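>>> take a look and give me a structure for this.
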Amino acid sequence: MNEFFEEIEATLLYTCLPTPDFSAFCARLNEGKSSLAPTFTTANAPQDGYEILTSETLQLSVMSTAMPLGAECFMGAINPASNAATRAALTGIVARHSAHVTLTLTRNDDRPLSRANAQAMLRQTFAATSAFGEMHPPLAVHWETTNRLHRAEQMQDFSRTDTPLGLFLNFRNEVIGQRRAPALRVLGAEPWLGRSLHIQIGQLDREEAKSVARAFVEAAISDNAAPVRQSFHCQGHGFRIAHAPDGRRIDLIPTQQTLQIPGRDLSTPARIRH
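Okay, here's the model as predicted:
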(Lines give C-alpha, C1' and ligand atoms only; values in the text may rest on other atoms or scores of the structure.)
Protein backbone atom coordinates (compact mmCIF):
# COMPACT_ATOMS: atom_id res chain seq x y z
CA MET A 1 0.00 0.00 0.00
CA ASN A 2 1.30 3.46 -0.88
CA GLU A 3 1.64 5.45 2.34
CA PHE A 4 2.62 8.67 0.57
CA PHE A 5 0.37 11.63 -0.07
CA GLU A 6 -0.58 12.21 -3.71
CA GLU A 7 -1.23 15.87 -2.88
CA ILE A 8 -0.15 18.17 -0.07
CA GLU A 9 -2.14 21.12 1.15
CA ALA A 10 -1.42 24.12 3.36
CA THR A 11 -3.88 26.88 4.23
CA LEU A 12 -2.87 30.37 5.38
CA LEU A 13 -5.37 32.26 7.54
CA TYR A 14 -5.97 36.03 7.24
CA THR A 15 -8.24 38.76 8.51
CA CYS A 16 -8.14 40.45 5.09
CA LEU A 17 -7.65 38.54 1.85
CA PRO A 18 -4.30 39.45 0.22
CA THR A 19 -3.99 40.34 -3.46
CA PRO A 20 -0.75 38.61 -4.46
CA ASP A 21 1.39 39.25 -7.49
CA PHE A 22 1.67 35.69 -8.82
CA SER A 23 4.47 36.55 -11.23
CA ALA A 24 6.52 37.72 -8.25
CA PHE A 25 5.46 34.66 -6.26
CA CYS A 26 6.53 32.38 -9.10
CA ALA A 27 9.87 34.19 -9.38
CA ARG A 28 10.43 33.78 -5.66
CA LEU A 29 9.73 30.05 -5.86
CA ASN A 30 12.36 29.70 -8.58
CA GLU A 31 15.04 31.76 -6.80
CA GLY A 32 18.28 29.99 -5.98
CA LYS A 33 17.14 26.54 -7.12
CA SER A 34 19.52 23.89 -8.33
CA SER A 35 19.29 22.71 -11.93
CA LEU A 36 17.54 19.55 -10.70
CA ALA A 37 14.77 21.41 -8.88
CA PRO A 38 11.44 22.05 -10.65
CA THR A 39 11.00 25.45 -12.30
CA PHE A 40 7.49 26.87 -12.07
CA THR A 41 5.66 28.99 -14.61
CA THR A 42 2.23 30.61 -14.32
CA ALA A 43 -0.65 28.97 -16.18
CA ASN A 44 -4.11 30.16 -17.19
CA ALA A 45 -6.43 29.97 -14.21
CA PRO A 46 -9.98 28.68 -14.73
CA GLN A 47 -11.66 31.22 -12.43
CA ASP A 48 -11.15 34.32 -10.30
CA GLY A 49 -9.41 33.67 -7.00
CA TYR A 50 -7.72 30.58 -8.41
CA GLU A 51 -4.18 30.55 -9.77
CA ILE A 52 -2.08 27.70 -11.13
CA LEU A 53 1.70 27.36 -11.31
CA THR A 54 3.16 24.37 -13.12
CA SER A 55 6.48 22.63 -13.60
CA GLU A 56 7.36 19.57 -15.64
CA THR A 57 6.22 17.22 -12.85
CA LEU A 58 4.26 19.36 -10.36
CA GLN A 59 1.24 21.65 -10.22
CA LEU A 60 0.74 24.22 -7.49
CA SER A 61 -2.78 25.64 -7.22
CA VAL A 62 -3.56 28.70 -5.12
CA MET A 63 -7.18 29.24 -4.07
CA SER A 64 -8.05 32.56 -2.39
CA THR A 65 -11.33 32.71 -0.46
CA ALA A 66 -12.82 35.73 1.29
CA MET A 67 -14.45 33.52 3.92
CA PRO A 68 -13.20 31.78 7.04
CA LEU A 69 -12.10 28.17 6.76
CA GLY A 70 -14.82 25.78 7.96
CA ALA A 71 -14.75 24.87 11.66
CA GLU A 72 -14.53 21.16 10.78
CA CYS A 73 -11.05 21.77 9.36
CA PHE A 74 -9.74 22.63 12.82
CA MET A 75 -10.98 19.53 14.64
CA GLY A 76 -7.94 18.30 16.57
CA ALA A 77 -5.68 20.82 14.80
CA ILE A 78 -4.54 22.69 17.93
CA ASN A 79 -1.84 20.67 19.65
CA PRO A 80 -3.10 19.86 23.18
CA ALA A 81 0.50 19.55 24.37
CA SER A 82 1.30 23.17 23.51
CA ASN A 83 1.27 25.73 26.31
CA ALA A 84 -1.90 27.51 27.37
CA ALA A 85 -0.90 30.81 25.77
CA THR A 86 -0.32 29.17 22.37
CA ARG A 87 -3.60 27.27 22.55
CA ALA A 88 -5.46 30.46 23.47
CA ALA A 89 -3.80 32.41 20.64
CA LEU A 90 -4.65 29.76 18.04
CA THR A 91 -8.23 29.50 19.30
CA GLY A 92 -8.55 33.27 18.90
CA ILE A 93 -7.16 33.11 15.35
CA VAL A 94 -9.66 30.42 14.41
CA ALA A 95 -12.48 32.58 15.76
CA ARG A 96 -11.48 35.87 14.14
CA HIS A 97 -9.95 34.98 10.75
CA SER A 98 -12.19 35.93 7.85
CA ALA A 99 -10.25 34.78 4.78
CA HIS A 100 -7.89 32.04 3.73
CA VAL A 101 -5.52 31.03 0.94
CA THR A 102 -5.02 27.33 0.21
CA LEU A 103 -1.91 26.04 -1.57
CA THR A 104 -2.25 22.54 -3.03
CA LEU A 105 0.68 20.70 -4.61
CA THR A 106 -0.10 17.75 -6.91
CA ARG A 107 1.91 15.73 -9.41
CA ASN A 108 1.83 16.00 -13.20
CA ASP A 109 3.50 12.60 -13.48
CA ASP A 110 1.91 9.20 -14.03
CA ARG A 111 4.90 7.28 -12.75
CA PRO A 112 4.62 5.64 -9.30
CA LEU A 113 5.25 8.01 -6.41
CA SER A 114 8.61 7.20 -4.82
CA ARG A 115 10.02 8.16 -1.44
CA ALA A 116 12.24 10.75 -3.11
CA ASN A 117 9.19 12.21 -4.89
CA ALA A 118 7.24 12.35 -1.62
CA GLN A 119 10.10 14.05 0.21
CA ALA A 120 10.50 16.58 -2.59
CA MET A 121 6.76 17.35 -2.55
CA LEU A 122 6.79 18.00 1.20
CA ARG A 123 9.79 20.30 0.88
CA GLN A 124 8.32 22.08 -2.14
CA THR A 125 4.97 22.68 -0.44
CA PHE A 126 6.78 24.05 2.59
CA ALA A 127 8.92 26.30 0.38
CA ALA A 128 5.81 27.61 -1.40
CA THR A 129 4.00 28.20 1.89
CA SER A 130 7.01 30.04 3.31
CA ALA A 131 7.40 32.17 0.17
CA PHE A 132 3.72 33.14 0.11
CA GLY A 133 3.80 33.83 3.87
CA GLU A 134 6.82 36.11 3.47
CA MET A 135 4.99 38.11 0.82
CA HIS A 136 1.70 38.16 2.75
CA PRO A 137 2.21 37.27 6.44
CA PRO A 138 -0.69 35.14 7.73
CA LEU A 139 -2.11 34.81 11.22
CA ALA A 140 -1.49 31.06 11.18
CA VAL A 141 -1.02 28.11 8.83
CA HIS A 142 -2.96 24.85 8.80
CA TRP A 143 -0.77 21.97 7.53
CA GLU A 144 -3.29 19.45 6.25
CA THR A 145 -1.24 16.24 6.12
CA THR A 146 -0.67 16.30 9.88
CA ASN A 147 -3.80 18.34 10.76
CA ARG A 148 -1.87 20.88 12.79
CA LEU A 149 -2.42 24.63 13.12
CA HIS A 150 0.79 26.64 13.55
CA ARG A 151 1.24 30.29 14.45
CA ALA A 152 3.09 32.46 11.94
CA GLU A 153 6.06 32.78 14.33
CA GLN A 154 6.40 29.01 14.49
CA MET A 155 6.35 28.76 10.70
CA GLN A 156 9.21 31.27 10.62
CA ASP A 157 11.15 29.06 13.01
CA PHE A 158 10.51 26.07 10.75
CA SER A 159 12.00 27.98 7.80
CA ARG A 160 15.50 27.60 9.25
CA THR A 161 15.64 24.21 7.53
CA ASP A 162 14.15 22.75 4.36
CA THR A 163 13.05 19.66 6.31
CA PRO A 164 11.13 20.90 9.38
CA LEU A 165 10.13 17.67 11.09
CA GLY A 166 8.15 19.67 13.65
CA LEU A 167 5.83 20.47 10.73
CA PHE A 168 6.04 17.21 8.78
CA LEU A 169 5.46 14.81 11.71
CA ASN A 170 2.58 14.32 14.10
CA PHE A 171 1.81 11.70 16.74
CA ARG A 172 -1.13 9.48 17.64
CA ASN A 173 -1.54 7.60 20.90
CA GLU A 174 -1.90 3.83 20.60
CA VAL A 175 -1.39 0.63 22.57
CA ILE A 176 0.51 -2.31 21.11
CA GLY A 177 1.24 -5.94 21.90
CA GLN A 178 -0.38 -8.43 24.23
CA ARG A 179 0.67 -6.31 27.19
CA ARG A 180 -1.15 -3.30 25.73
CA ALA A 181 1.96 -1.15 26.08
CA PRO A 182 1.38 2.60 25.61
CA ALA A 183 3.00 3.86 22.43
CA LEU A 184 2.92 6.56 19.77
CA ARG A 185 2.53 6.17 16.04
CA VAL A 186 4.61 8.76 14.20
CA LEU A 187 2.39 10.13 11.45
CA GLY A 188 4.32 11.35 8.41
CA ALA A 189 7.36 9.12 8.92
CA GLU A 190 6.83 7.00 5.78
CA PRO A 191 8.40 9.37 3.21
CA TRP A 192 11.59 9.52 5.29
CA LEU A 193 11.84 5.88 6.46
CA GLY A 194 9.97 3.97 3.77
CA ARG A 195 7.84 2.36 6.48
CA SER A 196 5.69 3.36 9.44
CA LEU A 197 7.30 4.24 12.79
CA HIS A 198 6.01 3.44 16.27
CA ILE A 199 7.70 4.13 19.60
CA GLN A 200 6.88 2.41 22.87
CA ILE A 201 6.82 4.98 25.63
CA GLY A 202 8.09 2.83 28.50
CA GLN A 203 9.40 5.09 31.27
CA LEU A 204 9.44 8.18 29.06
CA ASP A 205 6.81 10.86 29.13
CA ARG A 206 5.07 11.51 25.83
CA GLU A 207 7.02 14.66 24.98
CA GLU A 208 10.32 12.82 25.50
CA ALA A 209 9.08 10.00 23.27
CA LYS A 210 8.14 12.50 20.56
CA SER A 211 11.57 14.09 20.75
CA VAL A 212 13.26 10.69 20.44
CA ALA A 213 11.10 9.77 17.44
CA ARG A 214 11.96 13.03 15.67
CA ALA A 215 15.64 12.42 16.38
CA PHE A 216 15.37 8.93 14.87
CA VAL A 217 13.83 10.30 11.67
CA GLU A 218 16.54 13.01 11.54
CA ALA A 219 19.19 10.30 11.87
CA ALA A 220 17.55 8.32 9.07
CA ILE A 221 17.52 11.37 6.77
CA SER A 222 21.27 11.81 7.19
CA ASP A 223 22.02 8.05 7.06
CA ASN A 224 19.89 5.83 4.81
CA ALA A 225 21.10 2.71 6.62
CA ALA A 226 19.79 3.92 9.98
CA PRO A 227 16.34 2.29 9.82
CA VAL A 228 17.79 -1.22 9.28
CA ARG A 229 20.19 -1.13 12.19
CA GLN A 230 19.68 -2.79 15.54
CA SER A 231 19.70 -0.10 18.22
CA PHE A 232 19.29 3.62 18.76
CA HIS A 233 20.51 5.82 21.59
CA CYS A 234 19.17 9.30 22.21
CA GLN A 235 18.82 11.71 25.13
CA GLY A 236 20.28 9.17 27.53
CA HIS A 237 17.87 6.38 26.52
CA GLY A 238 18.50 3.18 24.61
CA PHE A 239 16.08 1.56 22.16
CA ARG A 240 15.98 -1.68 20.23
CA ILE A 241 14.96 -1.24 16.59
CA ALA A 242 12.41 -3.95 15.78
CA HIS A 243 11.29 -4.64 12.21
CA ALA A 244 7.99 -6.18 11.13
CA PRO A 245 8.41 -9.31 8.94
CA ASP A 246 6.79 -7.57 5.97
CA GLY A 247 9.28 -4.68 6.24
CA ARG A 248 6.53 -2.07 6.49
CA ARG A 249 6.91 -1.13 10.16
CA ILE A 250 9.60 -0.12 12.65
CA ASP A 251 9.15 -0.16 16.43
CA LEU A 252 11.48 1.63 18.82
CA ILE A 253 11.40 -0.43 22.01
CA PRO A 254 13.06 0.94 25.17
CA THR A 255 15.80 -1.30 26.52
CA GLN A 256 15.38 -2.47 30.11
CA GLN A 257 17.96 -0.07 31.43
CA THR A 258 18.10 3.58 30.53
CA LEU A 259 21.46 4.51 29.12
CA GLN A 260 23.13 6.84 31.63
CA ILE A 261 26.62 8.12 30.94
CA PRO A 262 28.10 10.07 33.89
CA GLY A 263 29.09 13.60 33.05
CA ARG A 264 27.58 13.48 29.57
CA ASP A 265 25.16 16.11 28.35
CA LEU A 266 21.96 14.25 27.47
CA SER A 267 21.34 16.67 24.63
CA THR A 268 24.23 15.15 22.65
CA PRO A 269 23.35 13.85 19.18
CA ALA A 270 21.54 10.55 18.80
CA ARG A 271 23.55 7.46 17.87
CA ILE A 272 22.47 4.41 15.90
CA ARG A 273 24.42 1.20 16.35
CA HIS A 274 24.85 -1.75 14.01
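
>>> quick check: residue 255 touching residue 242?
No: counting by C-beta atoms under 8 Å, residue 242 is not a contact partner of residue 255; they are 11.6 Å apart. For the C-beta atoms, the positions are set from N, CA and C on the backbone; glycine is no exception.

>>> give me the number of residues near residue 145?
Residue 145 has 20 neighbours, counted by other C-beta atoms under 10 Å.

>>> Three-state assignment for it, please.
coil (DSSP: H, G, I helix; E, B strand; the rest coil).

>>> that one reaches residue 7, doesn't it?
No: using C-beta under 8 Å, residue 145 makes no contact with residue 7, being 9.2 Å away.

>>> run through the residues that contact the residue nearest the centre of the chain.
Centroid check for the chain by C-alpha atoms, centre = their mean gives residue 168 as the closest residue, at 0.9 Å. When contacts are counted by C-beta atoms under 8 Å, 6 or more residues apart in numbering, residue 168 touches 122, 126, 145-146, 188, 191-192.

>>> these in helices, which ones?
122, 126, 191-192 (DSSP state H).

>>> per-domain residue ranges of this structure.
Listed by automatic domain parsing, the domain ranges of the chain are 7-163, 169-273.

>>> okay if I get the ones you listed as a markdown table plus mean pLDDT?
A markdown table is the format used below for the domains of the chain (pLDDT from 0 to 100):
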| stretch | mean pLDDT |
| --- | --- |
| domain 7-163 | 91 |
| domain 169-273 | 79 |
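
>>> from the contacts of residue 168, which would you call buried?
122, 126, 145-146, 188, 191-192 (16 or more other C-beta atoms under 10 Å).

>>> what's the closest of the residues you listed to residue 209?
residue 188 (15.5 Å; C-beta to C-beta).

>>> contacting residues for that closest one?
145-146, 168-170.

>>> nearest spatial neighbour of it, skipping sequence neighbours?
residue 169 (4.5 Å; C-beta to C-beta, 6 or more residues apart in numbering).

>>> tell me how many other residues crowd the one you found.
Neighbours of residue 169 using other C-beta under 10 Å come to 20.

>>> what does the one 5 residues further on give?
The local packing count at residue 174 equals 13, with neighbours defined by other C-beta under 10 Å.

>>> quick check: it touching residue 185?
Yes: counting by C-beta under 8 Å, residue 174 touches residue 185, with 5.3 Å between them.

>>> where do the contact lists of the two overlap?
residue 198.

>>> mind jotting down where the helices sit in this protein?
For the chain, the helices defined by DSSP H occupy 22-30, 84-96, 115-135, 152-158, 165-168, 190-193, 206-222.

>>> now distance to residue 15 too, for those, in JSON lines please.
Formatted as JSON lines, the helices of the chain follow (distance: least, C-beta to C-beta, whole Å):
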{"stretch": "helix 22-30", "distance to residue 15": "20"}
{"stretch": "helix 84-96", "distance to residue 15": "7"}
{"stretch": "helix 115-135", "distance to residue 15": "15"}
{"stretch": "helix 152-158", "distance to residue 15": "12"}
{"stretch": "helix 165-168", "distance to residue 15": "23"}
{"stretch": "helix 190-193", "distance to residue 15": "34"}
{"stretch": "helix 206-222", "distance to residue 15": "32"}
